[in-house]
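S.K.: Show me how the following folds:
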Amino acid sequence: MCSLLRMCSLKNRGFTLVEVMIAAGILAVIMSIVYSSFSGSLKTMAIGEERGDAYRKGRLILSRMSQEISCAYLPQTQDLSGITYAFIGEDKEEDGKPRDSLHFISTIPPIEGVSTGLKEVGFYLAPDSQTGELTLVMREDTTPDDRSDEGGKRYVLGSTIFGLDFEYYDENGRDWKRWETTSSTFGYTLPKVVKISLLFKDERGEAISITAKTRVLIVGE
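M.R.: Have a look, this model is predicted:
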């Protein structure tokens, strides 16, 4: 009878304070591990989304540039209109980063104003007047003249861009770091393919590099 009463007493006895504290400590450790894992997953997802947004913006910029370059124009016969039909890609570098520029004649309709059939286009990096950070600028001049690298309006295509690189491929597939249609070196012709590379930063300040190749489609008359 005494043994039975002792067993009943043990069964009905609650947890001691020490046991409760031990259980609470174990639970706290488990919850801390779960929270850390969950928090890390959220941060990873946020970083992935930010980089995804940055890539999408970069692709939109490359798409615009590719459209313009693909419609570069150079007449095959002598032109007496006073327009300089030049495709000039300069190879530059500053602080170990590419700072190339490209100026040419395009047949794409202008961003603003009425199309006259041809326009001057330029792509280059320039510091922002307020922040001083480099931005990718598109220059557009709807009245082409004897200077294919001056005049017109300027539009900022993207900010926090610290590298712009162009590569040019001739009809034999050979690549060039620069291109100048006014030089006999390039046979007074347009390149067949242009490769564009952008280096920029996402919202976290991490560097991103994207590239695109575009074929020059327009053939001069």
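S.K.: From start to finish, how long is stretch 87-99 in a straight line?
M.R.: Counting by CA to CA, to the nearest Å, you get 17 Å between the two ends of stretch 87-99.
S.K.: can you give me how far that stretch is from the chain middle?
M.R.: 17 Å (CA atoms, centre = their mean, to the nearest Å).
S.K.: now what about it, what contacts it?
M.R.: 72, 74, 100-105, 124-125, 148-149, 162-166, 168, 177-182, 190-191, 194, 197, 199 (CB atoms under 8 Å, 6 or more residues apart in numbering). Every residue, glycine included, has its C-beta placed from N, CA and C.
S.K.: repeat for stretch 113-132
M.R.: 65, 68, 73, 83, 99-110, 133-144, 148-149, 151-152, 156, 159, 161-162, 164.
S.K.: Return the subset of the residues you listed lying in helices.
M.R.: Using DSSP state H, 65, 68 are the members of these that sit in helices.
S.K.: Report the buried members of the contacts of stretch 113-132.
M.R.: For these, a burial check counting by 16 or more other CB atoms under 10 Å picks out 65, 68, 73, 83, 99-106, 108, 110, 134-142, 144, 148-149, 152, 161-162, 164.
S.K.: Bridged to residue 127, which residues?
M.R.: As for beta bridges, residue 127 partners with residue 134 under DSSP bridges.
S.K.: ok, it - how many residues close by?
M.R.: Applying other CB atoms under 10 Å, we find 11 residues neighbouring residue 127.
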